[in-house]
Each structure stands twice: as C-alpha cells, then as structure tokens.
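Asker: structure of the sequence below:
(chains A and B)
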Amino acid sequence: MMEKTMRKALLAALIAALAAGCTPKDDDEKGDPVVIEERGEGGDATTGGAQTGSDTTAEGANLSGTGGMAALDDPASPLSKRVFYFDFDRHEVPEEDRAALSAHAAHLAANPALTVVVEGHADERGSREYNLALGERRAKAVASLLKLQGAAGSQLQVISFGEERAVAPEHDEAAWRLNRRVELLYSGN
Amino acid sequence: MKRILGFLCLLLALPVANARLTIEITQGSEGALPIAIAPFVMQGVETVHDQDAPAGVIAADLARSGRFAPLPIDTIPAQANGPDFAYWRQAGVENLVLGRLRPGAAAGEMALEFQLFDVSSGGQLAGYRMAVPRGLLRHTAHRVSDVIYEKLIGERGAFTTHIAYITVGDKDGERRHHLAVADADGFNEQVILSSSRPLMSPVWSPDGRRLAYVSFEEGRSMVYVQEVASGRREVVAQHPGLNSAPAFSPNGKHLALTLSKDGNPEIYLLRLSDKTLTRLTHSFAIDTEAEWAPDGRSLVFTSDRGGRPQIYRLALDGSLKPQGRPQRLTFEGDYNARARFSPDGTRLALVHGEGGRYRIGLFDIERSSLRLLTDTRLDESPSFAPNGAMVIYATEVNHRGVLAAASVEGNGRQRLGGSGVDVREPAWSPYTPRNGQ
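Answerer: Numbering: from 1, shown residues only, chains lettered A, B, ... in the order given. The predicted model follows:
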C-alpha cells in the first residue's frame, strides 16, 4: 500500500511538473487548471469522510474483519445508528439519540484502536460559510457527548462540510431534514 | 517522451476550451434608456462569429446593466448613408451607435471604430478608434460598452471585468467541483481548479491577480491563494478545525479568515508575507464571513452571539488592531449573513432570511435601513460589481444552482446558468490594470 501511495504521489508530482511546463494554447491570460484527483487511502483518517470516492469503499472492506468494526454491522445494535439529525440552526443532540451515542462512547472506550470521524453537515439555507461553522458546532456537540461518556479525544476527529455534501439533493424540508446531520465514520487498525 | 508530454499538456488544457454560462434577462427595467446599436459594417475584414459580432455584444452588455433598453438588432435598418436621425426620433430612440470593423495596423489585427450619437440633437457624443488584438474582439466590444455607459450614465462601466464562481457537476459518475473564471457576461469560461472534493468561498485579491478560496481536497477545509494567470498556488491556512471564509484586505497584504483552532469559529488576521496570525474576535458564538470596508478601517462579519446570525462591525486602527467591541449593525429579520460592501462603503449586500425565505438585501449602513433586491427564496453569496451598479448572487431555479444579477437601480434582472451543472458563489472581480483604459 505504501508503495502504491508513493507511486501515486510521484505521478501527481510528474503531472504537476508537466502542467507547469505546458504553454497555454492561445490567450495566455489564464494558466492551466489545477486538477485534483481523489487521493488514495494513504492510511490517514481524513479520507474516511469521503462518500463518493471508490477508495473509501475499499477502506471499509479492509476493516470489516476487525472485531470492533464487526459490532457496527449488527443492525440490532444501537451502534447501527451512525447518523444523527438536528433541528434548523440548532446543534442540540435530540433526547432520543442520547442512548445510541452512549453506546458509541462505550464502544470506543472498549476499542481504543478504533477512531471515528465526526462529520457535521447543514442544510442549504442561508450562507455557506455560516453553515460550515454550524456543521462544526453540531459535530462538536456530538464529539463532546462521546468524550463525556468515555471516548478518548484522540479517537475523535471533527470535520465539517457545511452544506457542501448534501445527501438529499431536493430543495424542500424533507431533504433539508436529512441534510442537517452528523455522521460517525469509523475506521480502525 | 516528447509526444507523451504533448499529449498530457493537451489533456490538461482541455477543460479550458469549453462550456460557457448562458445569459437570460429575466426582468427588464423601468426607465431604461432606449438605444439603437446598428450592426457594425465589415470593411475588408473576414466575417466574425455571430456571437462575437460587436453590436450584439454591446447591446447585451447594456441590456444586462438594467439601465438601457437596446432595440432588437434585426429591427435596425442599415445605415449605409450615415445616421437618419429623423427615423430614429420617430422610433423613440434617444441614442444611436454606429460602428465598423476594418483591417488593423498589424497582421491579424482589426481596428474597431464607433460613434455614439444623441438622436434629438444629431450631435456626436463620442467617437473612438480601437485596435482589436487577435482573439480580443469581444473584449474590445466590452470596452465600447464601457465608453457608452460612462458617457450616458455618468459612472464607470464594468463590462471588461471578470467573475469567479464554483461549478459542481457529475462527470462519468464522479462529482467534479470546479473553480472557474469568466468574462463578466459569462463568456470565456476557464476552469482554474478542479477537484473531486468541495471547493468554496472564492474571493479576488484587490489587484485581480489572485483568488483565495477554501478547498476540501485534503479531506477537510483549508484556505489557498492561487495566482489566476499561472495557476501557482499555496496553502495559507491549515490549522486544526475550520479554515475558511478568506477576505483580502484592501491593500492585498492581509487575509481575514475564520479559524476554529482555539475552540469555536473566530475571525483572525493573517499577514500573507510571513503568515503571522492575529486573533480579532473573542466570543463563544460563531464568528465568520469577515469582509473589509473599502477603506480598510473596519471589518463586518456574521455572528450569532445575539442568538441568531446578524452582521456586526469591528473598527480597526491604522495598524489593524481592533478598536473597542464589535457593534451590531442589523436588527431587521431573524437572519442576516455574509455581507459584502458596496465599493463606496456605504451599503452592504447580504443574505436576509425572513419567514423561511432567503433573499438578497441591500443594507444602508448610515440609515440602518434594509431594501430587498431579490424575490426568490434560496438566494445567497451576493457580490458587487466594482462600479457598484449591480449585484451578482447565487439562487436556485428548477432544482439547479444558477447565478443571477440584479441592477441596484432600476430593478433589472438576469440569470446566468450552466448546462447540467450547479453554479454557485459568484465573486465579481475588481477593476484591474488590464481593463483600465
């Protein structure tokens, strides 16, 4: 895997070098676009949040063999709830979700090798940057509940995507309700 | 190796030759000046693409401004024997533009000549001859629009400026986020950054040469500054937590930005030369979306320290140190966010939420009064044209993200949409040395 990552990095560097050497075809007012591909797994937890990249799927398949991850796959377990929804412009975790979060906290405490990305999201209404901050505030509310109940701070990574990664593309309350969320994205080794 | 090199270069250059935004005028203006722009006479030059024909470009520019009502070009008779003022007076037109294209001084160049007439007196108000460098016919036509606008409205035109924006679309089953720049009329779109992960918050440097933006390419938000011409870029903020909402200071030496590295989102000042950080706000609330007053002596920002998002203003001294506590500016409605200053510093364009609708408002700072500029329901990201005459913003039409622009005077509206992509977060460029006269 290391080697693959290295190769990818080398290729990316080569492409960047080539791009820098290219002469724009006509109007030289603007340079060539910078192209960023989804980065490979690279072992960093930050890629765990990706919902679209095929690399993320591969990561999940690798990890499902471990004991801590297997429990997450049991639909009867409270751990199967890994998405938590919020009211508009609010960041309080609903009362009925507290039990599931307690189960996640206990699970993290019992499996110190597990890490989780706590990913905050907002619906599309209002300004994007405020929503980015709101998504972080929601993720932090969830992270602090997890910490209060035994998860170690080092197991948690808070990331906000604001309204940039909606799961429901429509522009109505039914969609907005699904988009105002915090997702727990587990990985471990 | 050389052939492979060439192939790769071609690949990378592909997104540049491409799509463009289409413009639709959705609402004309009351009190717009009727003007006729006759098709330009071609004298010894090859025909030009219909979409680049100067009369059409100029008419579209003037119509978009909301201040003019150009006659449809196909209704305009040929003016072979000079202007027939009697005809135009009868047609109710106040001004007439005649022009021609002829071979220029250098090979491949053309020369554009035009005259602007006052129909009632028959007098010439302006007459210019301009060199048309190869490939810059549209640009030259925009310069003509600038001259006409300035002569008749008395303010500088902004037709040769640019816009930056984000597009999001699916290509081959994969989501692509683009940062693009285009002419102010949506033509000549050029993608300057492409990523499978979200991009947001593009802002121009005051000299129009750089863009700062937020990219999630590393899996979380980081702030970058990129040179538009070369594509060269650097990360300027990658602290733990949010790195977002960049805004260049008027002298281009600092960025105001939002970081949450110390707990919750606060506004910081970043000196670009050495990356020195100074924290400007201190509250337990969300403080974000900083914007500099044109004189550099204050910042406005969004904060929910009062319970809901509202606009606050923080005064700065000559060395950019905060003076006193931030003062709340907006009180009307339950949501006011992401303010942008008008170029003269007297007004803010902002996102105003009330009754579940989010519209663009114009807030007069001195009078503390708000006027709504739009009447749709999911409007965001307003940005003033550098002459202050128009505000471009993002909205949603038929489930698509599109850009729209509204004239500050006269209620003219237009829409700029991409085909098959969501377009969002427009940022209108400042005047740059290149498009100065």
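Asker: need the residues of the stretch 51-200 of chain B near chain A, please.
Answerer: B:135-136, B:174-175, B:178, B:181, B:188, B:190-198, B:200 (CB under 8 Å from any CB of the partner chain). For glycine as for every other residue, the C-beta is placed from the backbone atoms N, C-alpha and C.
Asker: which of those are buried, as a ChimeraX select command?
Answerer: Of these, the buried ones go into a single ChimeraX selection, burial set by 16 or more other CB atoms under 10 Å in any protein chain shown:
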select /B:136,175,178,181,188,190,191,192,193,194,195,196,197,198,200
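Asker: show me what counts as buried in stretch B:115-130.
Answerer: B:Q115, B:L116, B:F117, B:V119, B:L125, B:M130.
Asker: equivalent analysis for stretch B:355-365, please.
Answerer: B:R357, B:Y358, B:R359, B:I360, B:G361, B:L362, B:F363, B:I365.
Asker: show me where chain A has strands.
Answerer: Applying DSSP state E to chain A gives strands spanning A:34-36, A:83-85, A:114-121, A:156-162, A:181-188.
Asker: just confirm yes or no for the third one near chain B.
Answerer: No. In terms of CB under 8 Å from any CB, no part of strand A:114-121 sits within range of chain B; the closest distance is 8.7 Å.
Asker: which two in the buried residues of stretch B:115-130 are spaced the farthest apart?
Answerer: Greatest spatial distance in the buried residues of stretch B:115-130: B:V119 and B:M130, 23.3 Å, computed using CB to CB.
Asker: what is the nearest residue to B:L329 once chain neighbours are set aside paired to in the beta sheet?
Answerer: Leaving aside its sequence neighbours, B:L329 sits nearest to B:I311 (CB to CB, 6 or more residues apart in numbering or on different chains; 4.7 Å). Bridge pairing for B:I311 (DSSP bridges) gives the partners B:T302.
Asker: now do B:I311, the pLDDT please.
Answerer: Per-residue confidence (pLDDT) for B:I311: 98.
Asker: list the residues that contact it.
Answerer: By CB atoms under 8 Å, 6 or more residues apart in numbering or on different chains, the contact set of B:I311 is B:V300, B:F301, B:T302, B:R328, B:L329, B:T330, B:N336, B:A337, B:A339, B:L348, B:L350, B:F363.
Asker: so where's chain A shaky on pLDDT?
Answerer: Counting by pLDDT under 70, the ranges of chain A that qualify are A:1-32, A:36-69, A:189.
Asker: okay, helices next: where are they in it?
Answerer: Using DSSP state H, the helices of chain A run over residues A:2-21, A:54-63, A:67-70, A:98-110, A:128-148, A:173-179.
Asker: picking up where we left off before, quick one: which of the contacts of B:I311 sit in strands?
Answerer: B:V300, B:F301, B:T302, B:R328, B:N336, B:A337, B:A339, B:L348, B:L350, B:F363.
Asker: what's the neighbour count on the first one?
Answerer: Same thing as B:V300. 27 (other CB atoms under 10 Å in any protein chain shown).
Asker: likewise B:L33?
Answerer: 16.
Asker: now B:L378
Answerer: Count around B:L378 with other CB under 10 Å applied: 17.
Asker: next: B:P322.
Answerer: 19.
Asker: beta partners of it?
Answerer: Where B:P322 sits in a bridge, its partners, by DSSP bridges, are B:L316.
Asker: model confidence for it, exactly?
Answerer: At B:P322, the model reports a pLDDT of 96.
Asker: was I right to think it contacts B:A315?
Answerer: Yes. The pair B:P322 / B:A315 is scored as a contact, 7.2 Å apart, by CB atoms under 8 Å.
Asker: so which bits of the stretch 251-400 of chain B are right by chain A?
Answerer: Going by CB under 8 Å from any CB, the residues of the stretch 251-400 of chain B near chain A are B:258, B:260, B:264-265, B:286, B:288-289, B:302, B:304, B:308-309, B:335, B:337-338, B:351, B:353, B:358, B:378, B:380-381, B:396, B:399.
Asker: pLDDT score assigned to B:V168?
Answerer: So, for B:V168, pLDDT stands at 94.
Asker: quick one, what contacts it?
Answerer: B:R175, B:R176, B:H177, B:H178, B:P198, B:G401, B:V421, B:D422, B:R424.
Asker: and the gap between the third one and A:P33?
Answerer: What it means is B:H177. B:H177 is 12 Å from A:P33, where distance means CB to CB, to the nearest Å.
Asker: ok, the helix or strand hosting B:L270: who's next to it in the sheet?
Answerer: Assigned by DSSP states H and E, B:L270 belongs to strand B:266-271. Using DSSP bridges, the strands paired with strand B:266-271 are strand B:254-259 (antiparallel), strand B:276-279 (antiparallel).
Asker: need the distance between the two termini of stretch B:266-283.
Answerer: 8 Å (CA to CA, to the nearest Å).
Asker: show me the helices in the stretch 101-250 of chain B, by range?
Answerer: B:137-153 (DSSP state H, counting those that start in this stretch).
Asker: how about the strands in it?
Answerer: Under the criterion DSSP state E, counting those that start in this stretch, the stretch 101-250 of chain B contains strands at B:110-118, B:124-132, B:162-171, B:174-183, B:190-195, B:199-204, B:210-215, B:222-227, B:233-237, B:243-248.
Asker: okay, these in CSV with distance to A:L101 next?
Answerer: Shown next, in CSV, are the strands of the stretch 101-250 of chain B (distance: least, CB to CB, whole Å):
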stretch, distance to A:L101
strand B:110-118, 68
strand B:124-132, 66
strand B:162-171, 32
strand B:174-183, 30
strand B:190-195, 33
strand B:199-204, 29
strand B:210-215, 29
strand B:222-227, 29
strand B:233-237, 31
strand B:243-248, 27
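Asker: wait, which of those is closest to A:D97?
Answerer: It's strand B:243-248; of the strands of the stretch 101-250 of chain B, that one is closest to A:D97 (CB to CB) at 27.2 Å.
Asker: name every strand pairing with the closest one and say which way it goes.
Answerer: strand B:254-259 (antiparallel).
Asker: from the chain's centre, how far out does the partner strand sit?
Answerer: Mean-position distance between strand B:254-259 and its chain equals 21 Å (CA atoms, centre = their mean, to the nearest Å).
Asker: stretch B:314-326 now?
Answerer: With CA atoms, centre = their mean, you get 29 Å for stretch B:314-326.
Asker: just the CA atoms of it, as PDB, please.
Answerer: Below are the C-alpha coordinates for stretch B:314-326, written out as PDB (Å, rounded to 0.1, in the frame of the first residue of the first chain):
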ATOM      1  CA  LEU B 314     -15.400  45.800  14.200                       C
ATOM      2  CA  ALA B 315     -13.400  49.000  13.900                       C
ATOM      3  CA  LEU B 316      -9.700  48.700  13.300                       C
ATOM      4  CA  ASP B 317      -6.900  51.300  13.800                       C
ATOM      5  CA  GLY B 318      -4.200  52.100  11.400                       C
ATOM      6  CA  SER B 319      -2.100  49.100  12.400                       C
ATOM      7  CA  LEU B 320      -5.200  46.800  12.100                       C
ATOM      8  CA  LYS B 321      -5.700  46.500  15.900                       C
ATOM      9  CA  PRO B 322      -9.400  46.100  17.000                       C
ATOM     10  CA  GLN B 323     -10.900  49.300  18.400                       C
ATOM     11  CA  GLY B 324     -13.500  48.500  21.000                       C
ATOM     12  CA  ARG B 325     -16.100  45.800  20.800                       C
ATOM     13  CA  PRO B 326     -17.900  44.800  17.700                       C
END
